[in-house]
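Peer 1: dropping a prediction and its sequence here:
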Amino acid sequence: MIIDTHMHIFDEKYQNPDDVVEEALKNDVKKMIAVGYDKKTSLQAIELANKYEFIYASVGLHPSEVLKEIDENLEWLEKCLNEPKVIAIGEIGLDYYWDKSFKEQQKMFFKKQIEIAKRNNLPIIVHCRDAIQDCFDILKDEKVSGVLHCYSGSYEMAKEFVKRGFYLGIGGVVTFKNANEIKKVVKDIDLSFLLSETDSPYLTPVPFRGKINQPAYTKYVVMEIANIKGVSCEYVCSKIENNVKKLFKI
Ligand code: NI
């Protein structure tokens, strides 16, 4: 079984999400996590999870939501956790690529959502762009479990995260020829800390780079991980299945 731990197939880039699900199943992707990043997409993730038994939902408010009515929205977010298919909080985190001028607000917003996760005993799905050091500084002493989605930091930093029990989400970027650092991460970090993901519709792996991504393409990520580690795809899949069980309890 292949697992896509991070997708957004409710995105308007897809004409029909049901066809995308069908294609995923044909390609042995038997479990998926639909991830929200604002109110609208969190609801869409829940809707999708309620429709398909093998799809689960994560709800969260991306750092770019920090300029909205955050108290109201955080309260709303916590209510969403009553939905039985919600298994994580995310994507949440820091994004200095989006805007550097709200660093402090972003940190505070991130911490508040970590508190919600802890209070409800749920793992977090972390979005971190151009902010790896600050993300680490926040997470290093937190009693929370989670995954660094689409990990793009250094190998040195990866070691520090896994030392503290965090998982690293590996996506299509690992298949890019020049992605040396992430290939090193995959090679030298134990499989017990890696998860497969697509971030569909973004970050499409080789050989479909440039096209719209979809969960069915998770297999190219798995193949690359297997190739780098010199093990079979079946072995990679069974390890990741185990990791998903441990982290998300699914
Ligand atoms: Ni994403």
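Peer 2: Yep, it's here.

Peer 1: now residue 114: which helix or strand?
Peer 2: In the assignment (DSSP states H and E), residue 114 maps to helix 103-119.

Peer 1: just the C-alphas of that helix, formatted as PDB.
Peer 2: Only the C-alpha atoms of helix 103-119 are listed here, as PDB (Å, rounded to 0.1, in the frame of the first residue of the first chain):
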ATOM      1  CA  LYS A 103       7.500  37.200  11.600                       C
ATOM      2  CA  GLU A 104       6.400  37.700  15.200                       C
ATOM      3  CA  GLN A 105       2.700  37.400  14.400                       C
ATOM      4  CA  GLN A 106       3.400  34.200  12.400                       C
ATOM      5  CA  LYS A 107       5.300  32.700  15.300                       C
ATOM      6  CA  MET A 108       2.500  33.500  17.800                       C
ATOM      7  CA  PHE A 109      -0.100  32.100  15.400                       C
ATOM      8  CA  PHE A 110       1.900  28.900  14.900                       C
ATOM      9  CA  LYS A 111       2.300  28.500  18.700                       C
ATOM     10  CA  LYS A 112      -1.400  29.000  19.300                       C
ATOM     11  CA  GLN A 113      -2.200  26.200  16.900                       C
ATOM     12  CA  ILE A 114       0.400  24.000  18.500                       C
ATOM     13  CA  GLU A 115      -1.400  24.500  21.800                       C
ATOM     14  CA  ILE A 116      -4.600  23.400  20.200                       C
ATOM     15  CA  ALA A 117      -2.900  20.300  18.900                       C
ATOM     16  CA  LYS A 118      -1.500  19.500  22.300                       C
ATOM     17  CA  ARG A 119      -4.800  20.100  24.100                       C
END
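
Peer 1: identify the residues contacting it?
Peer 2: Applying Cβ atoms under 8 Å, 6 or more residues apart in numbering, the contact partners of helix 103-119 are 60-61, 63, 65-67, 70, 74, 77-78, 81, 88-89, 92-96, 123-124, 131, 134, 138-139, 142-144, 146. C-beta coordinates here come from the backbone N, C-alpha and C atoms, glycine included.

Peer 1: likewise stretch 40-58?
Peer 2: Under the contact criterion Cβ under 8 Å, 6+ apart, stretch 40-58 has outside partners 8-10, 17, 21, 30-36, 59-61, 77, 80, 83, 85-91, 125, 248, 250.
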